[in-house]
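1. could you work out the structure for the sequence below:
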Amino acid sequence: MMNTTAKEATVYYHGTKADLKIGDLIEVGYVSNYGTKRKSKYIYLSETLDAATWGAELAFGDGKERIYVVEPTGAIEDDPNVTDKKFPGNPTKSYRSQHPFKVVGELTDWKGHSPEQLKMMKDHLEKLKEQGIEAIED
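-> Numbers count the residues shown, from 1 in each chain. Now for the predicted structure:
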């Protein structure tokens, strides 16, 4: 029997191509995985595996696509890059923070998007770039 008064812990994911270990911190100040590769003022996480999958698949670099389970070490806020512009109400459960995330696990059995979905997303991001629209605005 499950205790219905106990609040389940929220699980957060971070998709990337960085090779991290349990206990590592993901911090601001590194070159962004997206857009013009400038130093990021925020780091991003999601409660949904789908959003983290996009993060892993679209990250710059040649490294292995990875999805980490992370714990925020400070306040998080809705990610305005998706909540204000694409998905009002934050159904993607995407967030950002200026505080580090601690890596507490790695998912190894996740499934990526189809090649067609990935191509469509990359084409869309390329069109935005051509229009001078940054994929991530901080």
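2. only C-alpha atoms for contact and neighbour calcs from this point on.
-> OK.
3. number of residues surrounding His113?
-> Applying other Cα atoms under 10 Å, we find 13 residues neighbouring His113.
4. state the distance from it to Glu130.
-> According to Cα to Cα, to the nearest Å, His113 and Glu130 sit 24 Å apart.
5. residues touching the closest residue to Leu45 other than its chain neighbours, list them.
-> Using Cα to Cα, 6 or more residues apart in numbering and skipping the chain neighbours, the partner closest in space to Leu45 is His14 (4.9 Å). Neighbouring residues of His14 by Cα atoms under 8 Å, 6 or more residues apart in numbering: 44-46, 52, 55-56, 67-70.
6. go again with 10 Å.
-> For His14, the contacting residues are 26, 43-49, 51-56, 66-71, 94, 101, 103, 106, by Cα atoms under 10 Å, 6 or more residues apart in numbering.
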